[in-house]
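K.L.:
Below: sequence and its predicted model.
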Amino acid sequence: MKNATQGSEVITTTSTTPSPPPATTSTSLLPEYEKAEANVLSSLPTAFSNDPTLITPVSHFVQKYFHACNEAKVQNSPWSISPRMVSYHALMAMKLGIKASGQLRRQKKENVDDDDEEEEGAFEFGVAHKSLRGIHPTEENGNTFDYYKFGCNFFKPALDAKRSVILGQEHIQLISQQVQKGDNIIFFANHQTEPDPQVISLLLENIGYGDLAEDIMYVAGHKVTTDPIAIPFSMGQNLLCIHSKKHKSSEEDEATCADAKRSVTLGQEHIQQISQQVQKGDNIIFFANHQTEPDPQVISILLENIGYGDLAEDIMYVAGHKVTTDPIAIPFSMGQNLLCIHSKKHKSSEEDEAKQRQKQKQNLLAMGTMSRMLKKGGALLWVAPSGGRDRRDLSSSSGEIPIAPFDSKTIDMFRLMGEKSKVKTHYYPMAMRTYEILSPPDQIVSNVGETRDVQFGAVGIAFAEELDNALPRHLFAQEAEDSCRREYEHLVHTLEQQKQNGEEERGNAGALHP
């Protein structure tokens, strides 16, 4: 089947439906199962010493697993297993989960390389994950363990072999033939339990379609790749990992730090025009000031709030290297479209020539990618011509945050790339006032690990009128900066008015009236 299915895909996507009531099972364990369960449970505090919060859910999982296997024995199931095998499965699942979730850490020693401080055995799921079978270790980073078979064997005793059914077998035969021809198959299924993939495999194997089951790619949520209990079973399946809106936490809301009542989006009439231009296939390049690391999230939040969330999702941000190397910044960068270009502001005198050449090579690759995007059309690019974030004016007693000067050469380069693309390209200045929610250090810090002060505050963005592309080069660059400054001053004034109005409302609300 493996050779016959090259070039084809078998994909399962799911929608959640309520689970039926669990079947009635025995309440007490057979003596030999009870003894084995006790031995496994006694090992949990040591196994999860790095994260004691997992002891309770893992204990529950182990107990339920022993009861299910005990019931299989009581019911004389052909798939029942001995207490020794139940213990092996439970302990192996814990071992694999702990290792793959990165809880086993090497002892940190003095004078060790950074690479040696990585988590031992930590496994990272890609967006697309191919099941680890251990058949070709060189293709699996040395893995020799068959996670697929382990997952199936683990859950097999929990299935009532005598009463389990698989209906529509005539369709399975047709599906197998279609896949062998190279056709794609997509299953739209309900979803009830985490081991649904293992259940599908076991039932298909039972009727002679085990090879078909092995090729199925499951569209899965993030929890199956992050939960230590679920991880070892997920590693044995082909997965496409997509974050589900159902599991969005209120703690993940990027808008938490933004004062929703006082935040503003100005120039909305220009946003409508931008949206129409993009839909026609034109390119858009924003020349913006830049104040905080979460500027892309602020743009998304404010545009979503006025009905342009789809537009925000398509913006490609030209960013520096720190957003892809700083451990705190990385998770937020992973959710954005980025073109990473090394900024001159972060160039260190300690860098050797090899490092500088590497950066130049990366910059050329980024520019090539950007050129292809613009030639394709419909691109939305955001760039900060200043090359970094705005910072406080330490010479001013008022603590003003002026816009950092734009680099005219940067503007010239992006304008030239737009013209070379042969696709109509529009240029818009954009002003951002986001400093309060995550202000940058007063001085440029080239290394990772800068101090971050998160605060609650009002934010604002302003879209200026489209730049006249007929302007001479020096006037075009100057107008881009001047327009951004005018809109920035407008933003600062508007946000200050919002603040004063809010304070007056709070003052009136708290006043005593005779």
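P.N.:
Noted; the coordinates are in hand. Numbering: from 1, shown residues only.

K.L.:
Would you confirm that Val318 belongs to a helix?
P.N.:
No - with DSSP: H, G, I helix; E, B strand; the rest coil as the criterion, Val318 is assigned strand and is not in a helix.

K.L.:
Tell me how far it lies from Gln336.
P.N.:
Val318 sits at a distance of 11 Å from Gln336 (criterion: CB to CB, to the nearest Å). Glycine gets a C-beta too; all of them are placed from N, C-alpha and C.

K.L.:
Tell me which of the two has more neighbours.
P.N.:
Neighbours per residue (other CB atoms under 10 Å) separate Val318 from Gln336, with Val318 holding more: 22 against 19.

K.L.:
how about low-confidence regions in the stretch 1-150 of the chain?
P.N.:
1-27, 101-122, 127 (pLDDT under 70).

K.L.:
Could you rerun that using 80?
P.N.:
Across the stretch 1-150 of the chain, residues meeting the criterion (pLDDT under 80) sit at 1-27, 51, 99-128.

K.L.:
in the stretch 1-150 of the chain, which spans are strands?
P.N.:
10-16, 128-129 (DSSP state E, counting those that start in this stretch).

K.L.:
Ala312: neighbour count?
P.N.:
For Ala312, using other CB under 10 Å, the count is 17.

K.L.:
Can you tell me the SS state at it?
P.N.:
helix.

K.L.:
Look up how far Asn206 lies from it.
P.N.:
The value you get for Ala312 to Asn206, if CB to CB is used, is 49 Å.

K.L.:
Could you look up the SS state of Gly378?
P.N.:
coil.

K.L.:
Quick check: neighbours of the lengthiest strand in the chain in the sheet, parallel or antiparallel?
P.N.:
Selection of the longest strand in the chain by residue count, based on DSSP state E, yields strand 425-433. Applying DSSP bridges, strand 425-433 is found paired with strand 283-288 (parallel), strand 460-463 (antiparallel).

K.L.:
Show me what the next helix or strand after the shortest one packs onto, helices and strands only.
P.N.:
The reference is to strand 460-463. Next along the chain after strand 460-463, taking DSSP states H and E as the criterion, comes helix 473-510. Helices and strands touching helix 473-510, as assessed by 3 or more CB pairs under 8 Å, 6 or more residues apart in numbering; DSSP states H and E, comprise strand 264-266, strand 283-288, helix 408-420, strand 425-433, strand 460-463.

K.L.:
the inter-axis angle of the second one versus helix 408-420?
P.N.:
Counting by axes from the mean of the first three to the mean of the last three CA atoms, to 10 degrees, strand 283-288 points 170 degrees away from the direction of helix 408-420.

K.L.:
For the one helix or strand Tyr218 maps to, buried residues please.
P.N.:
Element membership of Tyr218, judged by DSSP H and E, is strand 216-220. Neighbour counts over strand 216-220 (16 or more other CB atoms under 10 Å) mark 216-220 as buried.

K.L.:
Now the two most distant members of the residues you listed.
P.N.:
Spatial extent of those (CB to CB) is set by the pair Ile216 and Ala220 at 11.5 Å.

K.L.:
that older thread, buried sites along the longest strand of the chain?
P.N.:
Result for strand 425-433 [16+ other CB under 10 Å]: buried residues 425-433.

K.L.:
cool, and stretch 304-320?
P.N.:
Buried-residue list, stretch 304-320, by 16+ other CB under 10 Å: 308, 311-312, 315-320.

K.L.:
For it, report the contacting residues that lie outside it.
P.N.:
With contacts defined as CB atoms under 8 Å, 6 or more residues apart in numbering, stretch 304-320 is touched by 260, 265, 268, 271, 274-275, 278, 286, 296, 299-300, 303, 333, 336-343, 345-346, 370, 373, 379-384, 387-388.

K.L.:
Render the CA-only coordinates of it in CSV, please.
P.N.:
What follows is stretch 304-320, C-alpha atoms only, in CSV (Å, rounded to 0.1, in the frame of the first residue of the first chain):
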residue,chain,number,x,y,z
GLU,A,304,-10.5,43.0,13.7
ASN,A,305,-12.5,45.4,15.8
ILE,A,306,-13.7,47.3,12.7
GLY,A,307,-14.3,44.3,10.5
TYR,A,308,-11.0,44.0,8.7
GLY,A,309,-9.5,41.0,10.5
ASP,A,310,-8.9,39.1,7.2
LEU,A,311,-6.8,42.1,5.9
ALA,A,312,-4.7,42.0,9.1
GLU,A,313,-4.0,38.3,8.8
ASP,A,314,-2.4,38.8,5.4
ILE,A,315,0.1,41.5,6.4
MET,A,316,3.7,40.5,6.0
TYR,A,317,5.9,42.3,8.6
VAL,A,318,9.5,43.2,7.8
ALA,A,319,11.2,42.3,11.1
GLY,A,320,14.6,42.2,12.7
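
K.L.:
thinking again about what came up before, now the helices and strands packed on helix 473-510 in JSON lines, with distance to Asp183 and mean pLDDT?
P.N.:
Putting the helices and strands packed on helix 473-510 into JSON lines (distance: least, CB to CB, whole Å; pLDDT from 0 to 100) gives the following:
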{"stretch": "strand 264-266", "distance to Asp183": "47", "mean pLDDT": "93"}
{"stretch": "strand 283-288", "distance to Asp183": "37", "mean pLDDT": "98"}
{"stretch": "helix 408-420", "distance to Asp183": "42", "mean pLDDT": "96"}
{"stretch": "strand 425-433", "distance to Asp183": "41", "mean pLDDT": "97"}
{"stretch": "strand 460-463", "distance to Asp183": "47", "mean pLDDT": "96"}
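
K.L.:
pLDDT at the residue nearest to Ser77 when sequence neighbours are not counted, what is it?
P.N.:
Leaving aside its chain neighbours, Ser77 sits nearest to Ala161 (5.4 Å; criterion: CB to CB, 6 or more residues apart in numbering). pLDDT recorded at Ala161 is 77.

K.L.:
Might you report the residue contacts of Ala161?
P.N.:
By CB under 8 Å, 6+ apart, the neighbours of Ala161 are 77-79.

K.L.:
which of those residues are buried?
P.N.:
77, 79.

K.L.:
Which of the contacts of Ala161 sits closest to Leu365?
P.N.:
Using CB to CB, the contacts of Ala161 come closest to Leu365 at Trp79, 53.4 Å.

K.L.:
Now do the contacts for that closest one.
P.N.:
So Trp79 contacts 72, 156-157, 159, 161 (CB under 8 Å, 6+ apart).

K.L.:
Return the members of the residues you listed classed as buried.
P.N.:
72, 156-157, 159, 161.

K.L.:
could I get those residues as TSV with distance to Tyr147?
P.N.:
Compiled in TSV, the buried ones among the contacts of Trp79 are given as follows (distance: CB to CB, whole Å):
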residue	distance to Tyr147
Ala72	22
Lys156	15
Pro157	18
Leu159	19
Ala161	23
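
K.L.:
Mind checking which of those residues land in helices?
P.N.:
Ala72 (DSSP state H).

K.L.:
Pull the contacting residues for His342.
P.N.:
His342 neighbours (CB under 8 Å, 6+ apart): 320-321, 359, 362-363.

K.L.:
Now restrict the residues you listed to buried residues only.
P.N.:
Buried, going by 16+ other CB under 10 Å: 320-321, 359, 363, out of those.

K.L.:
residue contacts, the nearest residue to Asp160 once chain neighbours are set aside?
P.N.:
Among residues not flanking Asp160 along the chain, Ser77 sits closest, at 6.5 Å (CB to CB, 6+ apart). By CB under 8 Å, 6+ apart, the contact set of Ser77 is 157, 160-162.
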